[in-house]
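**Student:** Return a 3D structure for these sequence lines:
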Amino acid sequence: MSKNVTPYKTSSLSKKEQVAQMFDNISGNYDGLNRVISFGIDTAWRKKVLKLVSDKNPQAILDIATGTGDLAILMAQTQATKIIGLDISAGMLEVGRKKVADKNLSNRIELVLGDSESMPFEDHSFDAITVAFGVRNFEHLEKGLAEILRVLKPGGIFVILETSNPTKFPFKQGYFFYTKYILPVIGKLFSKDRAAYGYLSESASVFPFGEALNNILRKIGFIDVTARPQTFGVATIYSASKK
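**Tutor:** Numbers count the residues shown, from 1 in each chain. Reported below is the predicted structural model:
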């Protein structure tokens, strides 16, 4: 199980409320800063997620923790007729809606303010569900994953893209140094919220990855669980299905 790292350690708010506040604060800089922090590699990872989903020919797709809608917009390259992006940050969704409108995709993509641990959707609603860099922000990981299982159709695909920790020398040591010391500095330079990118690096360092997350997915009830490490293990793409 993941440790409950929170963005603002002196705050009386719940982790969920703190995460929403944090992403509201950094929403204006989020896209550009993401490209800088990942050296642009995250776009290639997202394309791999797109390929996994496209191969299933989904008609209805849900992108959880959609943020500014990058992955939801990418999913418009599938044949899906309904794409919903869900997020708890109104600020991130505001940026996302502008991007969706600019790409003339408002008729296919709907961005919804909501809680991933209590979603406003019926059972078995989606052929495919994705989460990119969002599961580590769940306040209760297993509760959020169980909710995803509930709204996924039998035979549907669930894909997670999440940071992970390299385990081999010298990538392990280099990644630790980068996330511990460099990433927070970059965040402070670009963002008014000085705690945000410290939280993002700390939460990534303690979140379960690889077989540990695979086992949690299986415990919840997912089947056909697979982990695909990316770029020396700094991220992992997980895929799973439902009976």
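**Student:** where exactly do the helices run in this protein?
**Tutor:** For the chain, applying DSSP state H gives helices covering 15-26, 30-37, 41-54, 70-74, 90-102, 141-151, 171-177, 183-190, 196-206, 211-220.
**Student:** looking at those, which is buried most?
**Tutor:** Using mean count of other CB atoms under 10 Å, the stretch among these with the largest mean neighbour count is helix 70-74, at a mean of 24. For every residue, glycine as well, the C-beta is placed using N, CA and C.
**Student:** what separates it from the chain centre, distance-wise?
**Tutor:** How far helix 70-74 lies from its chain's middle: 12 Å, per CA atoms, centre = their mean, to the nearest Å.
**Student:** Then stretch 23-39?
**Tutor:** Distance, centroid of stretch 23-39 to centroid of chain: 14 Å (CA atoms, centre = their mean).
**Student:** Packing partners of the helix-or-strand element of the chain with minimal mean pLDDT?
**Tutor:** None of the helices or strands of the chain scores lower by mean pLDDT, DSSP states H and E than helix 183-190, at a mean of 72. Packing partners of helix 183-190 (3 or more CB pairs under 8 Å, 6 or more residues apart in numbering; DSSP states H and E): helix 30-37, helix 196-206.
**Student:** now the last one: how far from the chain's centre is it?
**Tutor:** Computed by CA atoms, centre = their mean, the chain-centroid distance of helix 196-206 equals 14 Å.
**Student:** cool, and stretch 135-149?
**Tutor:** 11 Å.
**Student:** how near is Pro7 to Ile186?
**Tutor:** 17 Å (CB to CB, to the nearest Å).
**Student:** do Ala235 as well
**Tutor:** 17 Å.
**Student:** What of Asp24?
**Tutor:** 20 Å.
**Student:** what bits of this structure have low per-residue confidence?
**Tutor:** Applying pLDDT under 70 to the chain flags the ranges 1-3, 8, 10, 190-197.
**Student:** longest single strand anywhere in this structure?
**Tutor:** Criterion DSSP state E: the longest strand present in the chain is strand 152-163.
**Student:** Please name the residues that touch the residue nearest to Phe209 when sequence neighbours are not counted.
**Tutor:** Once flanking residues are discounted, Phe209 sits nearest to Ser164: 3.6 Å by CB to CB, 6 or more residues apart in numbering. Contact analysis of Ser164 by CB atoms under 8 Å, 6 or more residues apart in numbering lists 204, 207, 209-210, 229, 233-236.
**Student:** Ala20 too?
**Tutor:** With CB under 8 Å, 6+ apart, Ala20 has these contacts: 88-90.
**Student:** Also Ala132?
**Tutor:** For Ala132, the contacting residues are 45-46, 49, 63, 65, 67, 70-71, 160-162, by CB under 8 Å, 6+ apart.
**Student:** ok, so of these, who is nearest Lys99?
**Tutor:** Asp70 (8.0 Å; CB to CB).
**Student:** List the residues that contact the closest one.
**Tutor:** Neighbouring residues of Asp70 by CB under 8 Å, 6+ apart: 31, 46, 132.
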